[in-house]
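Engineer: quick check, what structure comes out for this input:
(4 chains)
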4 protein chains.
Amino acid sequence: MRSPIDDYLHQVLRDCRDDDAGDVMSGNRELERADPTSFGIALATVDGTVYTAGDADHEFSMQSIAKLPAYALALQDRGLDGVLDRVDTEPSGDAFNEISLEAETGRPRNALINAGAIAVHGMLDGDGATERVDRIVDLVSTLAGRKVSVDSEVHSAELASDDHNTALAYLLRSAGKLDYEPDEVVDGYAAQCAIKVSCRDLAVMGSVLANGGMSTTTDDERLLDGWITRHLLSVMATCGMYDGSGSWMARVGIPAKSGVSGAILGVLPGQVGVAVWSPRLDEQGNSVRGVAVFERLSRDMELHMMHVAPSGLPALRSVEERDGTTVVEVQGDVRFAGAEIIASRACEGFSTDTVILDLTQVRVMDDAARGLLREVASRLEENHDVHIEDPNELMDSGPDDRDTHNREK
Amino acid sequence: MRSPIDDYLHQVLRDCRDDDAGDVMSGNRELERADPTSFGIALATVDGTVYTAGDADHEFSMQSIAKLPAYALALQDRGLDGVLDRVDTEPSGDAFNEISLEAETGRPRNALINAGAIAVHGMLDGDGATERVDRIVDLVSTLAGRKVSVDSEVHSAELASDDHNTALAYLLRSAGKLDYEPDEVVDGYAAQCAIKVSCRDLAVMGSVLANGGMSTTTDDERLLDGWITRHLLSVMATCGMYDGSGSWMARVGIPAKSGVSGAILGVLPGQVGVAVWSPRLDEQGNSVRGVAVFERLSRDMELHMMHVAPSGLPALRSVEERDGTTVVEVQGDVRFAGAEIIASRACEGFSTDTVILDLTQVRVMDDAARGLLREVASRLEENHDVHIEDPNELMDSGPDDRDTHNREK
Amino acid sequence: MRSPIDDYLHQVLRDCRDDDAGDVMSGNRELERADPTSFGIALATVDGTVYTAGDADHEFSMQSIAKLPAYALALQDRGLDGVLDRVDTEPSGDAFNEISLEAETGRPRNALINAGAIAVHGMLDGDGATERVDRIVDLVSTLAGRKVSVDSEVHSAELASDDHNTALAYLLRSAGKLDYEPDEVVDGYAAQCAIKVSCRDLAVMGSVLANGGMSTTTDDERLLDGWITRHLLSVMATCGMYDGSGSWMARVGIPAKSGVSGAILGVLPGQVGVAVWSPRLDEQGNSVRGVAVFERLSRDMELHMMHVAPSGLPALRSVEERDGTTVVEVQGDVRFAGAEIIASRACEGFSTDTVILDLTQVRVMDDAARGLLREVASRLEENHDVHIEDPNELMDSGPDDRDTHNREK
Amino acid sequence: MRSPIDDYLHQVLRDCRDDDAGDVMSGNRELERADPTSFGIALATVDGTVYTAGDADHEFSMQSIAKLPAYALALQDRGLDGVLDRVDTEPSGDAFNEISLEAETGRPRNALINAGAIAVHGMLDGDGATERVDRIVDLVSTLAGRKVSVDSEVHSAELASDDHNTALAYLLRSAGKLDYEPDEVVDGYAAQCAIKVSCRDLAVMGSVLANGGMSTTTDDERLLDGWITRHLLSVMATCGMYDGSGSWMARVGIPAKSGVSGAILGVLPGQVGVAVWSPRLDEQGNSVRGVAVFERLSRDMELHMMHVAPSGLPALRSVEERDGTTVVEVQGDVRFAGAEIIASRACEGFSTDTVILDLTQVRVMDDAARGLLREVASRLEENHDVHIEDPNELMDSGPDDRDTHNREK
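Structural biologist: The predicted structure follows:
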């Protein structure tokens, strides 16, 4: 059987290919060479499957999408507060004024505009531009599951048209937001923009963000701290599409980041990473076909953050009393709202001495739910003999494993 | 057994009560009278349970939170495009400049700043301020599940200090964004701000938004179109906390809206509506304790939009071959990502003539997943005899029921 | 002999008449009716001569030019500090954002943008709009030397399209910058805009400002305090042409104010008032032909504030010793720089017992020069017998007459 | 006799010395060393006299005041239009945002903010930074009448804290407003800021600007084109005191430019150049005592551009008929307004065959007046025998000498 998802992506590709509006990025001799008819789509699920259509394995430079892995490293190196000291997390509002330093603090408005991204690059640990760029390349390779590299032609072309970025770097240093030499930072920043990837790479990288930082291709391997992916997705949601971020959230509802090479990476938490690449850009610098594809996916596949699926079954599958024992069967994805239902039922009391909490059919459980269920069990134990059936060992993770604990450091 | 959630909320209340920073709203004689020590919390789940702590049943005026139901009505009356013609959906960026009309279009930046909310009020169908206000009161009553009303004292007090709003209304009419008489609109807008509610009311209202517009207290009753709730939540996510929206998304991650009476309403899609009320405000006009409570809930209960719970079980519970029949057992919440797994497995092919798709343990399914599974079944039927076990009738909803169909009208 | 100035103005009129770019003001039913081919020029000297060309006696509404007499009255009523409390004197910078209230103080940026002019109107003494408007009409009549009146048709038309001004008035009251009822102020402001004048009227009014507030048609009659005319001219110089004020100063160099009826009034201190009227406007709302005429006059007649005529003769005409008497002959316009020359020579000492300071040929002397010469005379008297020949009684004015004394009150 | 002007300046020095508010410029190791009690005043008239008080011969670096001679050279090198292509002439409005590039054109708002001054420096002809700086040093030397030089310590200190300027230079090049290497321009710009001058030097330089570009110390020597001085004074009038330019014009009325070394240079066209130096700065970066001195001078000496001295004598001294000849005696400063009076009288006609135009007592005549009087004479010659008595040869200058002719090139 041919996958209907494959068919769907190819259909979307055909439908959106007709749109030949927009122009390839100008002002950079390498980007100008891009074939305007190129068009690729890749979709990677948190379960590790990748679907592609068109030129999904063609390589292009990451450009602004490289701001995401660099931001992740800076958060790792400096912690959240250290990074917030230098770069805020607010939408910039202005399109034309890319400078957007806050009057009072001298901070760039966010890490996804150039000023912020340069400040972020300047916060990376590492001795010299090469070492810092290598770390970004390594992280992208890790996230994409494939060794990537910097395109030296694009890197050179970036450096040949980097006056604006050099200006930003000096401006940041004059505001006390940059420690390294501006020229070195601009060089490194140009290199990070020139990392070559394909739609497939970006989609897999997006799937790791969608999966809370856990690998989607290898088992149980954490590639990024949970608090970092959460922070990245938050900033993508409010600042990812420049001054059109609010409208993008309303229309598309997928946290995203675009690059002037014509790529857009979108991430729907818990579900998928999606990448589209087609070099013709609209006035905001976003890929024309890329935007069109995301609008289609959001609508057709209901891939919108604010989309709520109506409940079919309750988390509380059944409560049955047999032979002096009450069996409480839980099912589905158990987060706060699911655990609350169990707690709510437990408060009504059980007439039997023994209570079995059967988690066999639970698919997902987060720390908050786990903590709540432990508390429920503990209170029930005052009057009952409590057993937990937990073949998937969902209750075993301790608080030390919480991916959020780094958040406050 | 006493509910651990009740205990938790009371603990939060005790912890945050110590914070007596901030001041009660000044400049309005009724709001100034508020008891600064008041403090209530309410949390309502999509399953209809409401937890409360403190002064959760004390009434106060909705103030800016009333912008949400008014926006919902305007979307209903004019459709999305009709509303977008007059009010944009972008964060405003500026705190001090509450005027924020876009230079080119004359539109307010979004519907949750005063300028936008007044334009929104001016788009409501209805003959005169009273009729339009009655419609908002009715919607709030419906959403809260309790008959609410306008506090005439607060309404009068609003009108006594409405110069700024009157200015905005005239400005909007001069920009062609208001049809009714400005004074009448300001009167109606003042009345909507003065609708009396409790934390409990707001939390229940929030739970309906969290539930995609379906009632959380009565069965299967749609109170708001799905596309409207999705739009409201999107705008809350990017514009709900004025110029601090980006930071709120990163730190708290719950789409929210605050009011100067000291209330904050937060909504986590698919899970809960939360309301906190305490009249002392910070410099941005948000309740000091309200902010503190939301930060606690987000952290302790992992109620953050970008939080991803690690998977325990796959959506594909099992594939078993018995007596010439393959049984494909699906479980959990099935949205795009879940359906994709089934499709992916189906593509590998089955060796038996008969294939049973067993959805008995599926709790939630959305339209996209339903469509995908139908397509999978249809393709399998070319070579197999396919049966779907669907005791919860999840596959029965037709495309006509999709709550998104209104979105494009 | 026919006046070459008359001929010159007619030539300018012919040359600039060909320019039919721009459009008559829209959005006001009375202004829209204006004949786009109308074109008048008037030039009034401080000596009382008026030259005209074209439709110089045709009447039109003052529009924004009425901001000047209203500002003069407010300065009179409240004093400089009283007015500065509510309206600043800085260029606004922005064209599109006519609101321009200062973030910190809530003051409009200056009195010549609408927001500032409405605040100014609201500072006028007088019981009700009619009395306040009558005072402005009276002042314009006095300055123009002819009884003028409000055009009630234009007044009504203004009121029919006054939403933006009403917005500004409410905004000002909300910022504590307006005491009267906003609607009453807007009514009065609309009336002041509708005062009917001709180019001749404006030019004569301008000549009074050019003459330091003294009448140019009657002898020795002060119509405005000197400090008020100085303040008006200063603000016209930096804020009179909206966001093009800097460029206007550089290119034209004549403090000016334009109105959307198509008039521009320019004032060159000490020399002339010039008014041009032609209804077609450029994008900034200035009369296209009006701008062209001012550029011609500035260039051809060197009517530029920063134009410096090369000195021919020194202020010190001669120092001659005859019969034991030194005669110091002074000539020309004596201001600080002229008086300084006399003082400088006096410091060198005179060998005769008697010194005669001959001011017969002095044309102009200001208070500073007078004070300086008095001091020189007083010091010379220690060693000399000093006589002052002053047939024009230039040394008689006492400090009590200084027009600047009100400035500090 | 001791000069009362000397006495006056010393009195002002004593009165303003008490004010020890403000702080010496920080962030530059050389400027930080300045003695905060230093205080000098110098006043130079267009007639060549210089008055001083306090530390008027102490040297300090020009800082932003060097923007004026650099601007003059750029205007000379590129012409007005060439310079306007890259730098506008509008007040910037913003204090904090010193970047102020216009959204549409990418031009700095004016030449007296750093961004504009760097663009201006980048328009100077010359091979390398040294040659360009030498040209500025030469011009300052010429204008000040004394050989000045760059302070190499200050130059180095500037380069050690030039990140913000480097940013501006790169920003300008990225906007196509800079041809030279940014680093070279910043080096040159730092050197021009470090030119060492005294109050006396600045005052003499100012007197040349006040004198339309003619030397005030040597006879009949043109040091700057008239159109250039006029342009400089215009921009000083509207943009010289940053975002306080409007208020400065209203309160002080003297076109001025300040520098962070604590100097302020003011120029009153036709009268004087004034320089004050005292290193303590207010929040806007202007010398506290410098501002105080200018306010005193403006008030006491009526040195305000918009100050109009009341006329004593008419330009038309007498019209006498003797022996069949009419003698028309003209006196004082004859500019447009003066010439107009003669023309006006001539139009009334003369009854004698011979008319003598006696210009013996005319002190000043500009080109416009000269042209007008020639035209009057020419018309009179149709019916009269006309003689011009012009011992000062004021009528001899031809149109070729007009200092404005370069303006349009």
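Engineer: hmm, the lowest-mean-pLDDT helix or strand in chain A touching chain B?
Structural biologist: Lowest on mean pLDDT, DSSP states H and E among the helices and strands of chain A sits helix A:336-347, with a mean of 82. Yes. For helix A:336-347, a contact with chain B is found by CB under 8 Å from any CB of the partner chain, at A:336-337, A:340-341, A:343-344, A:346-347. Backbone N, C-alpha and C define where each C-beta goes, glycine included.
Engineer: give me the contacts around that helix.
Structural biologist: With CB atoms under 8 Å, 6 or more residues apart in numbering or on different chains as the test, helix A:336-347 has contacts from A:314-316, A:319, A:328, A:330, A:332, A:357, A:366, A:368-370, A:372-373, A:375-376, A:379-380, B:1-5, B:45-47, B:49, B:270-272, B:301-303.
Engineer: who wins for most neighbours among the residues of helix A:336-347 next to chain B?
Structural biologist: The most neighbours of any of those, using other CB atoms under 10 Å in any protein chain shown, belong to residue A:340, which has 28 neighbours.
Engineer: re the thing from before, which one of the residues of helix A:336-347 next to chain B is nearest to residue C:361?
Structural biologist: Using CB to CB, residue A:336 is the member of these that lies nearest residue C:361, at 96.8 Å.
Engineer: the closest one and residue B:8, how far apart?
Structural biologist: 11 Å (CB to CB, to the nearest Å).
Engineer: about what we covered before: as CSV, the residues of helix A:336-347 next to chain B with distance to residue D:134 would be great.
Structural biologist: Putting the residues of helix A:336-347 next to chain B into CSV (distance: CB to CB, whole Å) gives the following:
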residue, distance to residue D:134
A:336, 74
A:337, 76
A:340, 79
A:341, 83
A:343, 83
A:344, 85
A:346, 88
A:347, 88
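Engineer: surely residue A:186 and residue A:169 touch.
Structural biologist: Yes. At 5.1 Å, residue A:186 counts as touching residue A:169 under the criterion of CB atoms under 8 Å.
Engineer: list residues touching both of the two?
Structural biologist: residue A:118.
Engineer: can you give the contact residues for stretch A:70-89?
Structural biologist: Stretch A:70-89 is contacted by residues A:102, A:105, A:107-112, A:116-117, A:119-121, A:123-125, A:135-136, A:139, A:177, A:192, A:224-225, A:227-229, A:231-232, A:234-235, A:238-239, A:406-407, A:409, B:246-247, B:249-250 when judged by CB under 8 Å, 6+ apart.
Engineer: just those residues: which are in helices?
Structural biologist: Taking DSSP state H, the ones among the contacts of stretch A:70-89 that sit in helices are A:116-117, A:119-121, A:135-136, A:139, A:192, A:227-229, A:231-232, A:234-235, A:238-239, B:246-247, B:249-250.
Engineer: out of those, who's near chain D?
Structural biologist: When contact is defined as CB under 8 Å from any CB, the ones in helices among the contacts of stretch A:70-89 do not meet chain D at all.
Engineer: pLDDT value on residue A:25, please?
Structural biologist: The score at residue A:25 is 88. That number is its pLDDT.
Engineer: now it: phi and psi?
Structural biologist: phi -50, psi 130 (degrees, to the nearest 10).
Engineer: for residue A:149, same thing?
Structural biologist: Residue torsions, per degrees, to the nearest 10, at residue A:149 are phi -150, psi 170.
Engineer: can you give me the neighbour number for residue A:220?
Structural biologist: Applying other CB under 10 Å, I find that residue A:220 has 7 neighbouring residues.
Engineer: wait, it sits on residue A:214?
Structural biologist: Yes. Between residue A:220 and residue A:214 there is a contact at 7.2 Å, judged by CB under 8 Å.
Engineer: contacting residues for the spatially most central residue of chain A?
Structural biologist: The residue lying closest to the centre of chain A (CA atoms, centre = their mean) is residue A:209, at 3.8 Å. By CB under 8 Å, 6+ apart, the contact set of residue A:209 is A:68, A:224, A:229, A:232-233, A:267, A:269, A:273.
Engineer: my guess is residue A:244 meets residue A:282, correct?
Structural biologist: No. Between residue A:244 and residue A:282 there is no contact under CB under 8 Å: 9.6 Å.
Engineer: quick one: the one residue in chain A that gets nearest to chain C and chain D, what's the gap?
Structural biologist: Across chain A, no residue is closer to chain C than residue A:103, which sits at 10.0 Å (CB to the nearest CB). Note on residue A:103: its distance to chain D, by CB to the nearest CB, to the nearest Å, is 5 Å.
Engineer: what pLDDT does the model give that residue?
Structural biologist: The model reports residue A:103 with a pLDDT of 70.
Engineer: what residue in the stretch 101-250 of chain A comes nearest to chain B?
Structural biologist: For the stretch 101-250 of chain A, CB to the nearest CB, closest residue to chain B: residue A:212, 3.4 Å.
Engineer: could you give the number of residues near that residue?
Structural biologist: By other CB under 10 Å, 26 other residues sit near residue A:212.
Engineer: tell me how chain A divides into domains.
Structural biologist: Split into domains by automatic domain parsing, chain A comes to A:4-300, A:316-405.
Engineer: low-confidence ranges, chain A, go.
Structural biologist: By pLDDT under 70, the weakly predicted segments of chain A are A:1, A:93-98, A:100, A:309-314, A:397-409.
Engineer: up against chain C, what does it have?
Structural biologist: Checking chain A against chain C by CB under 8 Å from any CB, there are no hits.
Engineer: next one: phi and psi at residue A:271?
Structural biologist: Dihedral angles (degrees, to the nearest 10) for residue A:271: phi -120, psi -70.
Engineer: does it touch residue A:46 like I think?
Structural biologist: Yes. In terms of CB under 8 Å, residue A:271 counts as a neighbour of residue A:46; the distance is 6.4 Å.
Engineer: can you list residues touching both of the two?
Structural biologist: Here residue A:271 and residue A:46 share the contacting residues A:210, B:337, scored by CB under 8 Å, 6+ apart.
Engineer: show me the contacts for the residue nearest to residue A:15 when sequence neighbours are not counted.
Structural biologist: In space, residue A:15 comes closest to residue A:296 once its chain neighbours are excluded; the distance is 7.3 Å by CB to CB, 6 or more residues apart in numbering or on different chains. By CB under 8 Å, 6+ apart, residue A:296 lies in contact with A:12, A:15-16.
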